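Visitor: Just to be clear, the model below is a prediction. Sequence and coordinates:
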Amino acid sequence: MMANSQPDASGGADRLEPPRIAVIGAGVAGAACAAGLLRAGFDVTVFDKSRGVGGRMATRRVQWADGNGTVHATSFDHGCPYFTATRPRFQSVIDRAETLGYAARWRQHVYATFPAPRARQVVVPTPNMPAFCRHLLSGVPLRLGHAVTGLQQCPGGWLLHLADDHTADCTEGPFDQVVFAIPPTQAAMLLRGHQNDWADALSAVRIAPCWTLMAVTDDLDWPWDAAEVERSELAWIARNDRAPGRQAAAGLAPWVAHATPAWSLAHLEDNPEQVTAVLRTALGKLLTGGHAPRWHHASVQRWRYAQLTRPTSDGLDCWSRTDLGLGVCGDSFGDGSVEAGWHSGDELADEISASFDAAPPASVEADLELEEPVH
Ligand SMILES: Cc1cc2nc3c(=O)[nH]c(=O)nc-3n(C[C@H](O)[C@H](O)[C@H](O)COP(=O)(O)OP(=O)(O)OC[C@H]3O[C@@H](n4cnc5c(N)ncnc54)[C@H](O)[C@@H]3O)c2cc1C
């Protein structure tokens, strides 16, 4: 790749170092974008407000004590439970992750009322959901536990304002380019005042919330890996230990259950104890058809932004203004899936690389002029 010869947001001077790029968001879109930019030779840093990577591809470890005071632990894939890979470029990334042990194909037996019970092939990162993003991000400097709270133009490009739980706000930069790989509402807030047409378009995107129940029962004779549910507060239930690379302690069954978007929205501000009680009852009915199973653990997670219901409207895979030093990617540029998020981030990395490669750096042109002709 190139040295920096693009006009940066400040009109900064040409220089020999690779352009500095900040990617905000370490979900699959940000990870795909950062991986592509690193491969192309950019100086890229990823920022995320969470302490881990993966975003909505998440796994949580939960502990509880039984009646004898013995502590047990299990993990739940409480966000995205699996995904599909349909496009050749994404399939080849999954093939490589599978070879290296970061993903597995899963022939999932799903109960659905219509059509009849079926099997389908899906992909699951191993040994947990964030493993795939960790794999994509290997070699990329990470700044985790820092929410980006503001964006400021300065003579060298863009400064990011950061906040965390412990220290006072600070700034980091300047960066030649800033990539937004965060949910649309947050991206719109940061872009307002800098790129208002993008902020307006992102404000029109809709992502439905989801309350997720994480529960452990006695082991049950349940023939499915997962079930699509109707006429219930719940839309989807899965036995987490049936996914590749997951385990449960002997005699126990870990469950993840997603409430419907409508129920989640109606109860978005309810207190977690109430939500746990309602969803646990709903899961119990579905599992045993009446008598309650023996519960060992139950807790909930509220996803304020879970699954896309209205995508960006222009049909583009991402937005890029390398002249301004700004770009946006994420699953809302597609169908709200992991694959769409990966594709959007990968596409944005290509667009940024192409725009820098299109204009050879002034320093390189000067070197060429000094070279002796070869006879
Ligand atoms: C309950 C649930 C079920 C799902 N089911 C499926 C499914 O079956 N199949 C499927 O393909 N997809 C599913 N999805 C959707 C899938 O998880 C997403 O499409 C995908 O993970 C989106 O990736 P992303 O990188 O675009 O965004 P995200 O994963 O949301 O990543 C954004 C990142 O930005 C960070 N961030 C946000 N604001 C800031 C800030 N100000 N500063 C710094 N960092 C910030 C967040 O911490 C996060 O890590 C599901 C999601 C949920 C929650």
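Guide: That came in fine, so what should we check first? Not measured: the values here are computed from a predicted model.
Visitor: so which strand or helix has Ala187?
Guide: Using DSSP states H and E, Ala187 sits in helix 184-191.
Visitor: So what touches that helix?
Guide: 24, 148, 150-151, 180, 182, 198-200, 202-203, 205, 207, 305, 312, 326, 328, 330, 332 (C-beta atoms under 8 Å, 6 or more residues apart in numbering). Backbone N, C-alpha and C define where each C-beta goes, glycine included.
Visitor: Can you list the low-confidence ranges for the stretch 201-350 of the chain?
Guide: 290 (pLDDT under 70).
Visitor: near the ligand, which residues of this structure?
Guide: 24-30, 47-50, 55-57, 79-83, 147-148, 181-183, 186, 210, 212, 258, 303, 306-307, 330-331, 336-338, 341 (C-beta under 6 Å from any ligand atom).
Visitor: of all of the stretch 151-300 of the chain, which residue lies closest to the ligand?
Guide: Of all residues in the stretch 151-300 of the chain, Ile182 sits closest to the ligand, at 3.7 Å by C-beta to the nearest ligand atom.
Visitor: and that residue, helix, strand or coil?
Guide: coil (DSSP: H, G, I helix; E, B strand; the rest coil).
Visitor: Got phi/psi on it?
Guide: When quoted as degrees, to the nearest 10, the phi and psi of Ile182 stand at phi -120, psi 160.
Visitor: Could you check how far it is from Ser355?
Guide: Distance of Ile182 to Ser355, computed by C-beta to C-beta, to the nearest Å: 22 Å.
Visitor: Give me the more crowded residue out of those two.
Guide: Ile182 (29 against 16; other C-beta atoms under 10 Å).
Visitor: Would you mind confirming that that one is in contact with Ser332?
Guide: No: using C-beta atoms under 8 Å as the test, Ile182 is too far from Ser332 to be in contact (10.5 Å).
Visitor: Doesn't Trp198 belong to a strand?
Guide: No: remark: Trp198 does not belong to a strand; assigned using three-state DSSP, it is helix.
Visitor: quick one: contacts for it?
Guide: 187-188, 191, 319, 326, 328.
Visitor: again with Ala112
Guide: 118, 227-228.
Visitor: 6 Å - rerun?
Guide: Glu228 (C-beta atoms under 6 Å, 6 or more residues apart in numbering).
Visitor: could you measure it against Asn196, distance?
Guide: For Ala112 relative to Asn196 (C-beta to C-beta), the value is 44 Å.
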